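Visitor: Kindly return the folded structure for what I paste below:
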Amino acid sequence: MPQPNWQKPVKVAFGNLGTEVINGPSEALILLLDHWPDLRGPHFVRARSACRAALEGRRSPEDARQFFEQAVSEAQMHVN
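Guide: I've put the predicted structure just below:
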């Protein structure tokens with residue numbers, strides 16, 4: 001089954017470790033589960049759920065992108 005991608009990728013900054021480009025809910029979920037900082041607030045939880053739902057076809061990939069961007073902002077990892 002092909003993995004959905006977003007129309008526009010999200011860039012995430014990891015401080016001194018550089019920047020990562022996230023292209024869709026599959027990549028976002030991996031980042032959320034395996035490489036996220038200890039700050040896991042309500043936006044993190046919503047993003048994780050939305051990415052899972054998008055991969056299962058219960059939510060659109062763009063909805064997941066919106067929630068993921070909120071989690072990135074919450075963790076102060078946005079690229080300016």
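Visitor: if you skip the residues just before and after it, what's nearest to residue 20?
Guide: The spatially closest residue to residue 20, leaving aside those adjacent along the chain, is residue 12, at 5.0 Å (Cβ to Cβ, 6 or more residues apart in numbering). Quick note: C-beta positions are derived from backbone N, CA and C, even for glycine.
Visitor: Could you pull up the mean pLDDT of the helix or strand containing the one you found?
Guide: Assessed by DSSP states H and E, residue 12 sits inside strand 10-13. Strand 10-13 shows a mean pLDDT of 95.
Visitor: Keeping just the C-alphas, turn it into CSV.
Guide: Extracted C-alpha coordinates of strand 10-13, given in CSV (Å, rounded to 0.1, in the frame of the first residue of the first chain):
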residue,chain,number,x,y,z
VAL,A,10,7.6,20.1,7.0
LYS,A,11,11.1,21.1,8.1
VAL,A,12,12.1,20.2,11.6
ALA,A,13,15.1,21.7,13.4
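Visitor: Give me the buried positions along that strand.
Guide: 10, 12, 13 (16 or more other Cβ atoms under 10 Å).
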